[in-house]
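Trainee: Sharing a model prediction with you, sequence too.
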Amino acid sequence: MAVARLGVGETLGALNAALGPGDPVWRKETHARRLRARDFLAPRRALQARFGDGQVPERLVQAVAGLQGPGVAPVLRCALTPAGLALQLRRPAVFAGVLGAVASYTAPAVPAIPGPRVVLHCPTLRGAPCALRLSQLRAVLVADHLARALRAQGVSVRLVPAVRDPHMATFLQQLCVDWPAAPARPAPDALRTRALSQLSPARDGGALPPGALGTVCLKELVEERGRMAGYDPNLDSCVVTEDALSVLAELQEAGQQTLEDGPPGPAAAPAAGMDGCTVVHVVSCEEEFQQQKLDLLWWKLDDQAPLRQKHLVCGPVKVAGVPGSLTALEYYELRQAQVCKASARKHGRDLTSDPAWTEVFRVLSVASIKFEMLSTAPQSQGEWLLLFNSILPFPDLLSWTGALARATPGLHTAVRTETVCKFLVQLTMDFSSYYNRVHVLGEPRPHLFAQMCARLQLLRALREVLHAGLAMLGLPPLSHV
């Protein structure tokens with residue numbers, strides 16, 4: 001019989017339920033100093049708000065101390081302290097439970113709810129890499145990371161556009177970005193017919209730009225959807241071009257294919273058109289205004305367009321020591337040159353001509369770029385700290401990363417792209433501190449064998465979590481640097 005995976009969320013839920021109805025009061029400790037004495041704390045102030053004088057009835061303290069249930073970590077003791085109600089887990093039992101089922105901790109804690117499917121649209125990828133700005137590069141990396149996070153939860157994801165520029169496809173491969181490529185766009189015949197029936201002449205007698213078919217009035221849609229969704233009130237018309245219609249046709253096709261990827265779950269209501277699909281446009285801040293026009297144009301021309309369109313807007317990028325005018329290609333070349341230079345200093349010779357090191361330098365350059373674009377670096381240190389802060393909460397972290405707010409009101413959505421990067425930075429710092437202090441492979445004495453084996457199991461579990469985290473960023477693990 002499979003052993004239930006222990007979970008931080010399940011444990012916190014059970015702890016809060018044990019104290020009776022009310023707002024959650026328990027929190028998980030993370031700092032090494034506090035973890036010496038406790039793993040969870042219900043702060044005294046929160047207890048005072050719940051129980052008046054802050055005195056928790058003894059029967060509730062005993063209920064917490066004897067807590068059991070699916071996914072609930074076993075409790076060693078629970079006691080009132082000056083800081084509040086402190087709880088410590090039975091750490092040997094938690095170690096045994098986690099290290100005995102490491103694979104279950106590299107998947108999201110909660111499977112995706114069957115129903116809505118996602119089309120991820122990154123308009124930046126219709127351009128050429130030589131003109132890619134840093135803010136657009138960030139949009140590409142965010143879209144790739146979000147796709148991996150959603151798929152890790154079992155969400156059906158379609159990526160748009162299919163890349164047609166061979167130079168862009170090559171650049172994405174260099175960046176470890178997994179994105180589809182295709183030779184041609186779908187024909188926008190039906191959309192073109194609908195657009196031609198609604199075209200207006202150029203306003204004020206002005207000439208249309210080259211390649212334009214005409215303009216379509218969006219004022220009614222802006223008034224209808226803009227107030228509740230956050231569209232720019234200045235959007236009153238859109239110039240219709242063949243390129244714009246091709247973009248919409250590709251989105252339309254992707255949405256239809258997403259709904260065909262599998263039958264909706266039992267909880268999903270039958271969808272009209274593409275209402276069972278959420279379209280997320282991952283755009284740089286410079287691209288959002290144009291994307292808002294295309295959103296409204298899609299609704300104007302297609303009765304089956306999805307009701308849920310969300311914008312994930314990536315702000316401007318400022319990288320220390322890097323000119324803002326640098327293109328994405330120049331930025332990649334700069335980081336690669338810095339990696340090669342650092343390696344030459346470390347090894348005392350230039351390794352750039354060694355084929356065995358070429359892939360290592362590429363992955364290190366890409367890792368540097370992705371971490372700069374998606375994260376900031378925290379710090380901390382601890383064996384229990386490594387398991388409690390790195391392995392045990394990892395499934396919850398994967399769920400938070402892919403928790404796309406599809407049902408929230410308004411146009412914009414957010415995604416926690418920084419969580420995996422912060423987690424991996426913290427994990428490597430904690431592990432480095434641990435490895436520098438602890439001799440994992442100790443002296444070959446019989447009484448030390450059990451300890452050594454336990455530590456090797458811990459390192460194996462950390463490796464699995466680290467590899468799973470890197471996979472969410474599209475980064476392969478390296479055997480040497």
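Mentor: Right, received. Where do you want to start?
Trainee: Please enumerate the strands of the stretch 301-450 of the chain.
Mentor: In the stretch 301-450 of the chain, the strands defined using DSSP state E, counting those that start in this stretch lie at 308-314.
Trainee: Quick one: low-confidence residue ranges for it.
Mentor: For the stretch 301-450 of the chain, residues meeting the criterion pLDDT under 70 lie at 320-321, 323-324, 375-381, 383, 402-409, 436-450.
Trainee: before we move on, what about the stretch 101-250 of the chain?
Mentor: Low-confidence segments of the stretch 101-250 of the chain, defined by pLDDT under 70: 109-116, 201-206, 225-229.
Trainee: quick one: the strands in it?
Mentor: Assignment of strands within the stretch 101-250 of the chain using DSSP E, counting those that start in this stretch yields the ranges 117-121, 157-160, 212-217, 237-241.
Trainee: Please identify the most buried of those strands.
Mentor: Mean neighbours per residue, mean count of other Cβ atoms under 10 Å, is largest over the strands of the stretch 101-250 of the chain for strand 117-121, with a mean of 26. Bear in mind the C-beta positions are built from the backbone N, C-alpha and C, glycine included.
Trainee: Hey, what's the angle from that one to strand 308-314? Just curious.
Mentor: Using axes from the mean of the first three to the mean of the last three Cα atoms, to 10 degrees, the direction of strand 117-121 lies 40 degrees away from that of strand 308-314.
Trainee: Parallel or antiparallel, which strands does strand 117-121 pair with?
Mentor: Within its sheet, and counting by DSSP bridges, strand 117-121 is paired with strand 157-160 (parallel), strand 277-284 (parallel).
Trainee: could I get that strand in CSV with only the CA atoms?
Mentor: What follows is strand 117-121, C-alpha atoms only, in CSV (Å, rounded to 0.1, in the frame of the first residue of the first chain):
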residue,chain,number,x,y,z
ARG,A,117,-7.4,24.7,-20.9
VAL,A,118,-4.8,27.3,-21.7
VAL,A,119,-3.4,28.9,-24.8
LEU,A,120,-0.2,30.8,-24.1
HIS,A,121,0.5,33.5,-26.6
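Trainee: how about stretch 243-257: buried residues?
Mentor: With burial defined by 16 or more other Cβ atoms under 10 Å, the residues of stretch 243-257 counted as buried are 244-255.
Trainee: And the strand or helix carrying Phe289, what's buried?
Mentor: With secondary structure defined by DSSP states H and E, Phe289 is part of helix 288-301. Counting neighbours by 16+ other Cβ under 10 Å, one finds that the buried residues in helix 288-301 are 288, 291-301.
Trainee: And the contacts of that helix?
Mentor: 123, 191, 194-195, 198, 216, 218, 221-222, 225, 231-232, 235, 238, 240, 244, 247-248, 251-252, 281, 283, 305, 309, 311, 313, 411 (Cβ atoms under 8 Å, 6 or more residues apart in numbering).
Trainee: Which residue is the nearest non-sequential neighbour of Gly71?
Mentor: With sequence-adjacent residues excluded and distances taken as Cβ to Cβ, 6 or more residues apart in numbering, Gly71 is closest to Glu10, at 3.2 Å.
Trainee: Quick one: the buried residues of helix 288-301 as CSV, columns for distance to Leu385 too.
Mentor: What follows is these, written out as CSV (distance: Cβ to Cβ, whole Å):
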residue, distance to Leu385
Glu288, 41
Gln291, 44
Gln292, 46
Lys293, 50
Leu294, 48
Asp295, 46
Leu296, 51
Leu297, 53
Trp298, 50
Trp299, 51
Lys300, 56
Leu301, 56
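Trainee: if we take the buried residues of stretch 243-257, which one ends up nearest to Ile391?
Mentor: In terms of Cβ to Cβ, no member of those lies closer to Ile391 than Ala254, at 36.6 Å.
Trainee: Excluding covalently adjacent residues, which one is nearest to that closest one?
Mentor: Counting by Cβ to Cβ, 6+ apart, the residue nearest Ala254 is Arg158, at 4.3 Å.
Trainee: May I have the beta-bridge partners of that neighbour?
Mentor: The residues paired with Arg158 through beta bridges, assigned by DSSP bridges, are Val119.
Trainee: For Met472, see how far away it is.
Mentor: Computed as Cβ to Cβ, to the nearest Å, the Arg158 to Met472 distance reads 19 Å.
Trainee: I'd assumed Arg34 was in a helix, is it?
Mentor: Yes - with DSSP: H, G, I helix; E, B strand; the rest coil as the criterion, Arg34 is part of a helix.
Trainee: show me what contacts it?
Mentor: Counting by Cβ under 8 Å, 6+ apart, Arg34 touches Leu41.
Trainee: do Ala42 as well
Mentor: Listed by Cβ under 8 Å, 6+ apart, the contact partners of Ala42 are 15, 19, 25-27, 56, 84-85, 87.
Trainee: what about burial for these, which qualify?
Mentor: Burial of these was assessed by neighbour count (16+ other Cβ under 10 Å); the buried members are 15, 19, 25-26, 56, 84-85, 87.
Trainee: Just the CA coordinates for the host helix or strand of Ala254, please, in PDB.
Mentor: Ala254 belongs to helix 242-259 when elements are defined using DSSP H and E. Once side chains and other backbone atoms are set aside, the C-alpha atoms of helix 242-259 remain, and they are given as PDB (Å, rounded to 0.1, in the frame of the first residue of the first chain):
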ATOM      1  CA  GLU A 242      -3.500  40.600 -43.200                       C
ATOM      2  CA  ASP A 243      -0.900  40.000 -40.500                       C
ATOM      3  CA  ALA A 244      -3.400  40.800 -37.800                       C
ATOM      4  CA  LEU A 245      -6.000  38.400 -39.300                       C
ATOM      5  CA  SER A 246      -3.300  35.700 -39.500                       C
ATOM      6  CA  VAL A 247      -2.500  36.200 -35.800                       C
ATOM      7  CA  LEU A 248      -6.100  35.800 -34.900                       C
ATOM      8  CA  ALA A 249      -6.500  32.800 -37.100                       C
ATOM      9  CA  GLU A 250      -3.600  31.100 -35.400                       C
ATOM     10  CA  LEU A 251      -5.000  31.900 -31.900                       C
ATOM     11  CA  GLN A 252      -8.400  30.600 -33.100                       C
ATOM     12  CA  GLU A 253      -7.000  27.400 -34.300                       C
ATOM     13  CA  ALA A 254      -4.900  26.900 -31.100                       C
ATOM     14  CA  GLY A 255      -8.000  27.400 -29.000                       C
ATOM     15  CA  GLN A 256     -10.000  24.900 -30.900                       C
ATOM     16  CA  GLN A 257      -7.200  22.300 -30.800                       C
ATOM     17  CA  THR A 258      -6.800  22.900 -27.000                       C
ATOM     18  CA  LEU A 259     -10.400  21.900 -26.500                       C
END
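Trainee: is it true that the residue nearest to Gly71 touches Gln68?
Mentor: No - the pair Glu10 and Gln68 does not pass the contact test of Cβ atoms under 8 Å, sitting 11.2 Å apart.
Trainee: With neighbour numbers in mind, choose between these two.
Mentor: Relative neighbour count places Glu10 above the other of Glu10 and Gln68, with 18 against 8, counting by other Cβ atoms under 10 Å.
Trainee: list the contacts for that one?
Mentor: For Glu10, the contacting residues are 69-72, by Cβ under 8 Å, 6+ apart.
Trainee: Now it: which helix or strand?
Mentor: Assessed by DSSP H and E, Glu10 sits inside helix 8-18.
Trainee: In contact with the nearest residue to Leu427 once chain neighbours are set aside, which residues?
Mentor: The shortest distance from Leu427 to any residue other than its chain neighbours is 4.8 Å, reached at Ser390 (Cβ to Cβ, 6+ apart). For Ser390, the residues meeting the contact criterion (Cβ under 8 Å, 6+ apart) are 423, 426-427, 430-431, 462, 465.
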